[in-house]
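**Q** Compute the structure for the input listed below.
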Amino acid sequence: MFYQNYFNFKVANLNSSWLRIFLSSKLFSTVHLSTSIGAIATTVLFSQSVLAESFGGYCIAQKNENNLKQEAREMLSEKEQDLAVTAERKNSQYTITVDRTNGKQLLLQQAGEKNAIDQMTLAPEGGQITDLILGQDDWLWIDRNAIDYMMKVHFAEDTANFDSPVKLPELSAQPCHLLRRLFKKCTRGEYNYSPSLGSVFVSGYPTRSWVKQKYIHLEFISGKRKPIPELLEQATFIADVPEWNGALFRNTTGEALFYDGAVVIDLSQDFLKLQGGENFQDWEVKKTAGGRTFMGKFASRTVEDPLFLMELTPKPGFKPVYLPEYFERNWLEVFTLPQDPDLTLWIVTGKAIFAEIDRRTQILVSLSPLSSIPKWKLHDWMAKQDIESDNQAILFSIQNETNQEITDYLLRDITANTNCEVVLDFEQPIILKEPTD
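**A** Model (predicted):
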């Protein structure tokens with residue numbers, strides 16, 4: 001380890017292949033809505049061996065860009081081949097796949113059989129098949145980019161087979177007049193499947209109505225329409241919540257509604273009470289790879305958005321996660337590493353990385369004024385974090401806003417085989433500087 005004392009600073013010569021880092025001597029902490037950032041006091045460069053021994057937590061390492069691009073291509077290729085569902089029935093394994101040559105044909109295959117035992121070609125106006133989910137009742141939800149379908153799969157027969165598909169109503173996201181309908185310019189409505197309920201929820205405006213179009217919200221289970229509760233008639237499906245064995249909906253005025261398939265529970269009283277009377281109008285639900293679920297405003301935050309997230313607790317309720325004022329004008333994303341025993345919450349924004357520690361949200365990594373974390377790049381790797389959870393890493397990038405160059409990094413837990421360039425210290429946040437050489 002090399003140090004050179006200069007006034008109140010310890011300075012290390014930095015090679016361009018290493019991260020440029022500055023360690024602050026004053027702890028940044030956030031308690032509820034207050035934020036304090038210490039003055040930058042130290043610049044340090046550690047060797048990899050010292051890092052691995054000095055802190056048994058998390059570190060940052062630079063990732064080779066060429067390797068990232070190759071891994072991304074492989075990941076996307078794998079995802080294109082993974083549009084399939086499997087089922088164990090009658091001591092046999094069955095797989096339902098999509099024929100990639102046209103994107104509209106389903107194939108039913110049985111383990112040990114060379115050829116498909118059944119196939120179904122869907123009507124072309126429904127568009128390409130984009131997702132498949134097989135419910136416990138053996139009804140298959142077929143998500144398409146125009147119109148969704150449901151279809152019963154008969155596994156109890158001597159030879160498993162597909163039943164006739166059921167077309168779900170064609171709805172648009174907004175009222176769509178005749179001319180736009182003729183030129184197929186209507187944006188499709190919402191089609192969402194809740195595995196916890198085994199139901200498909202369809203909402204929007206009828207595309208074939210000749211009178212004033214009204215918003216409708218429908219529920220289908222086992223291919224049949226089910227009367228939807230009155231409280232959900234104007235609501236929007238937000239997310240399936242398996243830990244509550246139901247689904248969350250948002251009403252037009254922002255209320256949080258929970259539906260268990262029979263009863264609707266208005267959670268707004270507890271929700272608003274925890275927020276001190278404030279109300280999220282456009283709240284979303286995010287689930288991390290580690291299994292924690294959060295509700296809040298994640299995209300395009302403004303000064304009017306409440307400075308917290310709400311974590312869903314095992315019983316229908318919420319636990320607040322307080323955010324510092326730094327978040328006021330930033331987007332944010334949440335992560336937990338699946339194999340982390342503490343399931344530490346990591347919050348990434350365009351200018352910083354935070355962690356929730358002992359119910360405090362404190363900064364661990366901030367960026368220089370001329371650098372930022374591109375949200376689109378972070379989103380590219382969220383899927384990879386889920387697929388390759390054994391890597392125990394959050395992949396993010398730093399963009400130099402002067403020359404637009406992008407460098408990729410890993411935030412990961414420290415193991416014997418980890419290549420670390422800087423360890424994250426909960427007592428001393430760092431400023432991560434984009435390499436310029």
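
**Q** which element is D270 on?
**A** helix 268-274 (DSSP states H and E).

**Q** any idea of the mean pLDDT in that helix?
**A** Average pLDDT, helix 268-274: 71.

**Q** my read: W244 touches F258, true?
**A** Yes. At 6.4 Å, W244 counts as touching F258 under the criterion of C-beta atoms under 8 Å. Glycine gets a C-beta too; all of them are placed from N, C-alpha and C.

**Q** any residues in contact with both of the two?
**A** P316 (C-beta atoms under 8 Å, 6 or more residues apart in numbering).

**Q** Let me know the next secondary structure element after the helix holding D270.
**A** From helix 268-274, the next helix or strand downstream (DSSP H and E) is strand 284-287.

**Q** Going along the chain from that following strand, find the next helix or strand for me.
**A** Downstream of strand 284-287, the first helix or strand assigned by DSSP H and E is strand 293-296.

**Q** Show me what that following strand pairs with in its sheet, parallel or antiparallel.
**A** Strand 293-296 has the following sheet partners, assigned by DSSP bridges: strand 284-287 (antiparallel), strand 308-312 (antiparallel).

**Q** Go through the ones you listed and pick out the most buried.
**A** Compared across the strands paired with strand 293-296, strand 308-312 shows the largest average neighbour count, a mean of 23 (mean count of other C-beta atoms under 10 Å).

**Q** The nearest residue to L134 once chain neighbours are set aside: which element?
**A** Excluding the flanking residues, the one nearest L134 by C-beta to C-beta, 6 or more residues apart in numbering is V85, at 4.6 Å. According to DSSP H and E, V85 maps onto strand 84-89.

**Q** so what does that strand touch, helix or strand wise?
**A** Here strand 84-89 touches strand 92-98, strand 129-134, going by 3 or more C-beta pairs under 8 Å, 6 or more residues apart in numbering; DSSP states H and E.

**Q** Quick check: what element follows the host helix or strand of V153 along the chain?
**A** Using DSSP H and E, the element containing V153 is strand 149-154. Using DSSP H and E, the helix or strand that follows strand 149-154 towards the C-terminus is strand 161-162.

**Q** Mind listing the strands that next one pairs with, and their directions?
**A** When pairing is defined by DSSP bridges, strand 161-162 lines up against strand 149-154 (antiparallel).

**Q** Quick one: work out the angle between the strand it pairs with and strand 129-134.
**A** Here strand 149-154 runs at an angle of 40 degrees relative to strand 129-134 (axes from the mean of the first three to the mean of the last three C-alpha atoms, to 10 degrees).

**Q** angle of strand 149-154 against strand 84-89?
**A** 30 degrees.

**Q** In strand 149-154, which residues are buried?
**A** Across strand 149-154, burial judged by 16 or more other C-beta atoms under 10 Å covers Y149, M150, M151, K152, V153.

**Q** what's the closest of those to K433?
**A** Using C-beta to C-beta, Y149 comes nearest to K433 of the buried residues of strand 149-154, at 52.3 Å.

**Q** Is there a neighbour count for L168? I'd like the number.
**A** Neighbour count for L168, taken as other C-beta atoms under 10 Å: 22.

**Q** go on, E243?
**A** E243, neighbours per other C-beta under 10 Å, totals 15.

**Q** Can you tell me the closest non-neighbouring residue to it?
**A** With C-beta to C-beta, 6+ apart, the residue lying closest to E243 is P314, at 6.1 Å.

**Q** Same check on L370?
**A** E401 (5.1 Å).

**Q** Got the confidence number for that neighbour?
**A** Per the predicted model, pLDDT is 85 at E401.

**Q** what's the answer for the one 5 residues further on, then?
**A** For I406, the model assigns a pLDDT of 87.

**Q** Also V153?
**A** pLDDT recorded at V153 is 96.

**Q** ok, now how distant is the residue nearest to it when sequence neighbours are not counted from K185?
**A** Distance criterion C-beta to C-beta, 6+ apart; nearest residue to V153, sequence neighbours excluded, is D138 at 5.0 Å. Distance, D138 to K185, by C-beta to C-beta, to the nearest Å: 37 Å.

**Q** Mind checking which of the two has more residues around it?
**A** Ranked by neighbour count (other C-beta under 10 Å), D138 and K185 place D138 first, with 17 against 11.

**Q** Next, the contact list for the more buried one, please.
**A** For D138, the contact set (C-beta under 8 Å, 6+ apart) comprises A87, K152, V153, H154, F155.

**Q** I'd guessed the fourth one sits against W139; true?
**A** This means H154. No. Using C-beta under 8 Å as the test, H154 is too far from W139 to be in contact (10.9 Å).
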